[in-house]
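Undergrad: pasted the sequence and its predicted model underneath.
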Amino acid sequence: MAANVRQTNAPELFTNLDNRPKQRVPKKVLDRNDFMLLFIKQLEYQDPLKPLENNEMATQLALFNQLDQLFDLNEKFEEIISLAKKDSLQTAANLIGKKALVKSELLRVENGTFLGGKLVLEEPVSGVKLKIYSAEGELIKEMDLGPLGAGEHEISWDARDRNGQTVPDGNYRLVIETNDPQEKKALTVKTIGRITAAILEDGDYQLLFNGSHKLKPSELEKIMAEEG
């Protein structure tokens, strides 16, 4: 009994093949293997009647040796940088949960108490008004501080709203108004909040302040000790 043989039309075998020309993607950076191949190709295709002089060969070998050492150094530097980033991230992680003083207009209330903040004035201001808003944008409190001299001034807030009720724990936004808008340029706000996370982003690490504001560790003014 003859075996059944499935015949396939040869042209059909190639109907689904991708016949588009393949485009070679050039490398942007050459590594040590590429330089070695270039050197070997140079030796293969040199003119037999004009071989490389001994001193020229020695120079090229010396240059290749220096190049190889540079690649080794780059690899070691990358390892050192990687270790440093891991160590920095661990250091940042150790700050999670700590209270910190930073340049920010975010106010933090915990256990019914405002953690604190201050205004830093480079020169006297004729009049300062503070407005405190909830996270939802509701005006909670207004405080007219009047004229202030140069220096540091504590923000005194009892964590109560305009009706004298204690506000819920959480974040609040501070808006500062001055009699002369130009005077605001000489004013800096620093507040105490909580470091809530450490984030590694684009090869660098950042800290999350009060759960919403990203900052670099270099922006920390002070780490506050917890009161026992």
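TA: Arrived safely. All values reported here derive from a predicted model rather than from experimental measurement. Numbering: from 1, shown residues only.

Undergrad: nearest residue to P168 in space, ignoring adjacent ones along the chain?
TA: Using C-beta to C-beta, 6 or more residues apart in numbering and skipping residues adjacent in sequence, the residue nearest P168 is V109, 7.4 Å away. In this view, the C-beta of every residue, glycine as well, is placed from N, C-alpha and C.

Undergrad: can you name the next helix or strand after the helix or strand that contains the one you found?
TA: Assigned by DSSP states H and E, V109 falls within strand 106-110. Going down the chain from strand 106-110, the next helix or strand is strand 113-114, by DSSP H and E.

Undergrad: look through the protein and tell me its longest strand.
TA: strand 187-201 (DSSP state E).

Undergrad: each with direction, which strands does that strand pair with?
TA: Using DSSP bridges, the strands paired with strand 187-201 in its sheet are strand 99-103 (antiparallel), strand 117-121 (antiparallel), strand 204-209 (antiparallel).

Undergrad: okay, those strands in CSV with mean pLDDT, distance to L187 and mean neighbour count next?
TA: Output for the strands paired with strand 187-201, formatted as CSV (pLDDT from 0 to 100; distance: least, C-beta to C-beta, whole Å; neighbours: other C-beta atoms under 10 Å):
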stretch, mean pLDDT, distance to L187, mean neighbour count
strand 99-103, 92, 11, 18
strand 117-121, 94, 6, 18
strand 204-209, 83, 20, 18
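
Undergrad: K214 against D204, yeah?
TA: No. Using C-beta atoms under 8 Å, K214 makes no contact with D204, being 10.9 Å away.

Undergrad: what about stretch 125-142, start to end distance?
TA: Start and end residues of stretch 125-142 are separated by 18 Å (C-alpha to C-alpha, to the nearest Å).

Undergrad: picking up where we left off before, please save the CA atoms from the longest strand of the chain in PDB.
TA: Taking C-alpha atoms only, strand 187-201 is exported to PDB below (Å, rounded to 0.1, in the frame of the first residue of the first chain):
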ATOM      1  CA  LEU A 187      11.000  85.300  52.400                       C
ATOM      2  CA  THR A 188      11.700  81.500  52.700                       C
ATOM      3  CA  VAL A 189       9.400  78.900  54.300                       C
ATOM      4  CA  LYS A 190      10.800  75.900  56.200                       C
ATOM      5  CA  THR A 191       8.500  73.300  57.700                       C
ATOM      6  CA  ILE A 192       8.900  70.100  59.700                       C
ATOM      7  CA  GLY A 193       7.400  67.000  58.200                       C
ATOM      8  CA  ARG A 194       7.800  63.300  57.900                       C
ATOM      9  CA  ILE A 195      10.100  61.300  55.400                       C
ATOM     10  CA  THR A 196       7.700  58.600  54.100                       C
ATOM     11  CA  ALA A 197       9.600  56.900  51.400                       C
ATOM     12  CA  ALA A 198      13.000  56.500  49.500                       C
ATOM     13  CA  ILE A 199      12.800  56.300  45.800                       C
ATOM     14  CA  LEU A 200      15.400  55.200  43.200                       C
ATOM     15  CA  GLU A 201      14.500  57.100  40.000                       C
END
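
Undergrad: buried ones in it?
TA: 187, 189-196, 198 (16 or more other C-beta atoms under 10 Å).

Undergrad: next one: stretch 219-228
TA: So stretch 219-228, judged by 16+ other C-beta under 10 Å, has buried residues L220.

Undergrad: same check on stretch 114-133?
TA: Buried residues in stretch 114-133, counted by 16+ other C-beta under 10 Å: 114-119, 121, 125, 128, 130, 132.
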